[in-house]
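Enquirer: Below: sequence and its predicted model.
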Amino acid sequence: MTLFERSLEKFERLGELYDFYGVLLTLKENLLIEKFLYEGLSISEIAREIGCSRQGVYDMLHRIEKKLQNFEEKMGLARKEKMLLELFSKFKNRMPEELRQEIEELIFSPGGDQAGS
(Lines give C-alpha, C1' and ligand atoms only; values in the text may rest on other atoms or scores of the structure.)
Protein backbone atom coordinates (compact mmCIF):
# COMPACT_ATOMS: atom_id res chain seq x y z
CA MET A 1 0.00 0.00 0.00
CA THR A 2 1.41 3.36 -1.00
CA LEU A 3 1.56 6.43 1.22
CA PHE A 4 -1.18 8.01 -0.91
CA GLU A 5 -3.44 4.96 -0.48
CA ARG A 6 -2.87 4.99 3.29
CA SER A 7 -3.62 8.72 3.41
CA LEU A 8 -6.78 8.29 1.34
CA GLU A 9 -7.88 5.37 3.50
CA LYS A 10 -7.25 7.43 6.66
CA PHE A 11 -9.18 10.40 5.19
CA GLU A 12 -12.14 8.15 4.28
CA ARG A 13 -12.11 6.55 7.73
CA LEU A 14 -12.12 9.98 9.37
CA GLY A 15 -15.14 10.96 7.25
CA GLU A 16 -16.93 7.74 8.15
CA LEU A 17 -16.35 8.25 11.86
CA TYR A 18 -17.41 11.88 11.59
CA ASP A 19 -20.67 10.80 9.93
CA PHE A 20 -21.45 8.63 12.95
CA TYR A 21 -20.10 10.71 15.80
CA GLY A 22 -19.94 14.30 14.56
CA VAL A 23 -22.95 15.23 16.67
CA LEU A 24 -20.84 14.49 19.75
CA LEU A 25 -18.18 17.04 18.83
CA THR A 26 -18.15 20.67 19.90
CA LEU A 27 -19.22 23.41 17.51
CA LYS A 28 -15.57 24.43 16.97
CA GLU A 29 -14.52 20.83 16.31
CA ASN A 30 -17.36 20.42 13.81
CA LEU A 31 -16.39 23.62 12.03
CA LEU A 32 -12.78 22.55 11.75
CA ILE A 33 -13.40 18.99 10.58
CA GLU A 34 -15.99 20.10 8.03
CA LYS A 35 -13.55 22.60 6.53
CA PHE A 36 -11.01 19.80 6.26
CA LEU A 37 -13.28 16.96 5.07
CA TYR A 38 -16.03 18.63 3.08
CA GLU A 39 -14.62 21.95 1.95
CA GLY A 40 -11.29 20.33 1.10
CA LEU A 41 -9.24 23.06 2.75
CA SER A 42 -5.63 22.38 3.64
CA ILE A 43 -4.28 22.83 7.14
CA SER A 44 -2.69 26.12 6.04
CA GLU A 45 -5.94 27.40 4.55
CA ILE A 46 -7.88 26.50 7.68
CA ALA A 47 -5.24 28.17 9.86
CA ARG A 48 -5.51 31.40 7.85
CA GLU A 49 -9.30 31.29 7.91
CA ILE A 50 -9.65 30.78 11.66
CA GLY A 51 -6.63 32.84 12.69
CA CYS A 52 -4.57 30.03 14.15
CA SER A 53 -1.17 28.48 13.45
CA ARG A 54 -0.76 25.51 11.13
CA GLN A 55 0.52 23.49 14.09
CA GLY A 56 -2.55 24.48 16.11
CA VAL A 57 -4.89 23.28 13.35
CA TYR A 58 -2.88 20.08 12.92
CA ASP A 59 -3.03 19.40 16.67
CA MET A 60 -6.79 20.08 16.79
CA LEU A 61 -7.43 17.76 13.83
CA HIS A 62 -5.31 15.09 15.49
CA ARG A 63 -7.28 15.45 18.75
CA ILE A 64 -10.58 15.27 16.85
CA GLU A 65 -9.42 12.12 15.07
CA LYS A 66 -8.47 10.52 18.40
CA LYS A 67 -11.81 11.57 19.89
CA LEU A 68 -13.74 10.01 17.00
CA GLN A 69 -11.69 6.81 17.25
CA ASN A 70 -12.41 6.69 20.97
CA PHE A 71 -16.15 6.99 20.32
CA GLU A 72 -15.91 4.11 17.84
CA GLU A 73 -13.95 1.97 20.30
CA LYS A 74 -16.61 2.54 22.97
CA MET A 75 -19.77 2.38 20.84
CA GLY A 76 -18.73 0.52 17.68
CA LEU A 77 -21.48 1.99 15.50
CA ALA A 78 -19.43 2.00 12.28
CA ARG A 79 -18.27 -1.57 12.86
CA LYS A 80 -21.81 -2.74 13.66
CA GLU A 81 -23.22 -1.06 10.57
CA LYS A 82 -20.62 -2.74 8.38
CA MET A 83 -21.44 -6.14 9.89
CA LEU A 84 -25.19 -5.61 9.42
CA LEU A 85 -24.74 -4.55 5.79
CA GLU A 86 -22.59 -7.62 5.12
CA LEU A 87 -25.21 -9.89 6.70
CA PHE A 88 -28.01 -8.23 4.79
CA SER A 89 -26.12 -8.61 1.50
CA LYS A 90 -25.49 -12.26 2.26
CA PHE A 91 -29.12 -13.12 3.04
CA LYS A 92 -31.23 -10.60 1.12
CA ASN A 93 -31.88 -12.98 -1.79
CA ARG A 94 -33.29 -15.56 0.65
CA MET A 95 -35.81 -13.14 2.19
CA PRO A 96 -39.40 -12.62 1.12
CA GLU A 97 -39.59 -9.54 -1.12
CA GLU A 98 -41.71 -7.55 1.32
CA LEU A 99 -39.28 -8.14 4.20
CA ARG A 100 -36.28 -7.32 2.00
CA GLN A 101 -37.85 -4.04 0.92
CA GLU A 102 -38.74 -3.10 4.48
CA ILE A 103 -35.19 -3.77 5.67
CA GLU A 104 -33.70 -1.86 2.73
CA GLU A 105 -35.90 1.11 3.57
CA LEU A 106 -34.75 1.01 7.18
CA ILE A 107 -31.10 0.74 6.22
CA PHE A 108 -30.88 3.11 3.29
CA SER A 109 -33.42 5.84 4.00
CA PRO A 110 -32.05 9.09 5.48
CA GLY A 111 -31.89 8.82 9.24
CA GLY A 112 -32.73 5.12 9.07
CA ASP A 113 -36.40 5.87 9.76
CA GLN A 114 -39.28 4.33 7.93
CA ALA A 115 -41.42 6.77 5.97
CA GLY A 116 -44.47 7.73 7.94
CA SER A 117 -43.12 6.51 11.29
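Expert: Cool, the structure landed.
Enquirer: got any ranges where this protein has weak pLDDT?
Expert: Across the chain, the ranges flagged by pLDDT under 70 are 1-5, 110-117.
Enquirer: Find the nearest non-adjacent residue to the residue nearest the centre of the chain, please.
Expert: Centroid-nearest residue in the chain, with Cα atoms, centre = their mean: Glu16, separated by 2.1 Å. Distances taken as Cβ to Cβ, 6 or more residues apart in numbering put Ala78 closest to Glu16, at 5.7 Å, once the chain neighbours are dropped. From N, CA and C alone the C-beta is placed, and that goes for glycine too.
Enquirer: Lys35 contacts Ser44, correct?
Expert: No. Counting by Cβ atoms under 8 Å, Lys35 does not reach Ser44; the two are 11.7 Å apart.
Enquirer: circling back: tell me the secondary structure for the residue nearest to Glu16?
Expert: Secondary structure state of Ala78, per DSSP: H, G, I helix; E, B strand; the rest coil, is helix.
Enquirer: one step back: looking at Lys35 and Ser44 now, which is surrounded by more residues?
Expert: Lys35 (19 against 12; other Cβ atoms under 10 Å).
Enquirer: picking that back up, now do the same contact list for the residue nearest to Glu16.
Expert: Going by Cβ atoms under 8 Å, 6 or more residues apart in numbering, Ala78 touches Glu16, Leu17, Phe20, Glu72.
Enquirer: Which other helices and strands does the helix or strand containing the last one contact?
Expert: For Glu72, the host element (DSSP states H and E) is helix 54-75. In terms of contact count using 3 or more Cβ pairs under 8 Å, 6 or more residues apart in numbering; DSSP states H and E, helix 54-75 is assigned the packing partners helix 3-21, helix 27-37, helix 43-50.
Enquirer: can you state the direction angle for that helix and helix 43-50?
Expert: For helix 54-75 against helix 43-50, the angle by axes from the mean of the first three to the mean of the last three Cα atoms, to 10 degrees is 100 degrees.
Enquirer: So which bits of helix 54-75 are buried?
Expert: Val57, Met60, Leu61, Ile64, Glu65, Lys67, Leu68, Phe71, Glu72 (16 or more other Cβ atoms under 10 Å).
Enquirer: Brilliant, that's me finished.
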